[in-house]
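Participant: this is the structure alone, sequence omitted:
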């Protein structure tokens, strides 16, 4: 069982839809991450939050909009996505950003863009 | 440029056989080192990590890894593989030790493990 919970597990949306992915952790971690993973590839970092503030945006297109409402919750808002955005989206958390602590991953949301 | 190399894209072993998955990194200093496993349709699970100290580290599910500074390697081993070990295995490093980008996991391309009955 993972301690990082992601919902929904699967999402199918059209290119004009607006949807959100949700990630929650109750381990007291203050760093949270969004990754994108294409099939047979390693995860690619998208965003990093530290103490609820956006620290890193890895040049992600603006159709992806992250939000960290509190220390336990991380959202990824999606709008006007492209077919190439179909992927597994993984959330992760760690104790803090600056100590090389291991990241703990959720099971991901499998996103399909029609 | 810093990099993580997993030379084997796909490994097949028989159940009960021993396993070694290779990982090499290219970096001037000793990074933080991790092995993750990903079963189909799931997220990544941390198997073990190395920060400093004893170069042989024990992880979950009977896995261990040995850090060899002279070879810039961090190979994952298991003495007897179970069918449930079939999965994708990722070696990862955090390259910065203080400040800077010491949050960023750099992953190898992964090794897919198939276990034959």
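Facilitator: Structure's in. What do you need? For clarity, every value in this text was computed on a predicted model and none was experimentally measured.

Participant: mind listing the helices for the chain?
Facilitator: In the absence of a named chain, chain A is used. Here chain A has no helices by DSSP state H.

Participant: kindly report the residues of it close to chain B.
Facilitator: When proximity is defined as C-beta under 8 Å from any C-beta of the partner chain, chain A approaches chain B at A:2, A:4, A:6, A:31, A:40-43, A:45, A:48, A:55-56, A:90, A:92, A:94, A:97-100, A:102-108, A:110. Glycine gets a C-beta too; all of them are placed from N, C-alpha and C.

Participant: output the lowest mean pLDDT helix or strand found in chain A.
Facilitator: strand A:53-57 (a mean of 91; mean pLDDT, DSSP states H and E).

Participant: from the residues of chain A next to chain B, which would you call buried?
Facilitator: Buried residues within the residues of chain A next to chain B, defined by neighbour count using 16 or more other C-beta atoms under 10 Å in any protein chain shown: A:2, A:4, A:6, A:31, A:42-43, A:45, A:48, A:56, A:90, A:92, A:94, A:97, A:100, A:102-108, A:110.

Participant: contact partners for residue 16?
Facilitator: Using chain A. residue A:80 (C-beta atoms under 8 Å, 6 or more residues apart in numbering or on different chains).

Participant: I was after chain B.
Facilitator: For residue B:16, the contact set (C-beta under 8 Å, 6+ apart) comprises B:80, B:81.

Participant: my guess is residue A:70 contacts residue A:52, does it?
Facilitator: Yes. Here residue A:70 lies in contact with residue A:52, judged by C-beta atoms under 8 Å, at a distance of 6.7 Å.

Participant: between these two, which one's more packed in?
Facilitator: residue A:52 (15 against 8; other C-beta atoms under 10 Å in any protein chain shown).

Participant: any stretches of chain A with poor pLDDT?
Facilitator: A:1-2, A:98-100 (pLDDT under 70).

Participant: does residue B:21 have beta-bridge partners, and which?
Facilitator: Here residue B:21 sits in beta bridges with residue B:76, as judged by DSSP bridges.

Participant: just want the residue of chain A that's nearest chain B.
Facilitator: Using C-beta to the nearest C-beta, residue A:42 is the residue of chain A that sits closest to chain B, at 3.5 Å.

Participant: quickly note the distance from that residue to residue B:51.
Facilitator: 21 Å (C-beta to C-beta, to the nearest Å).
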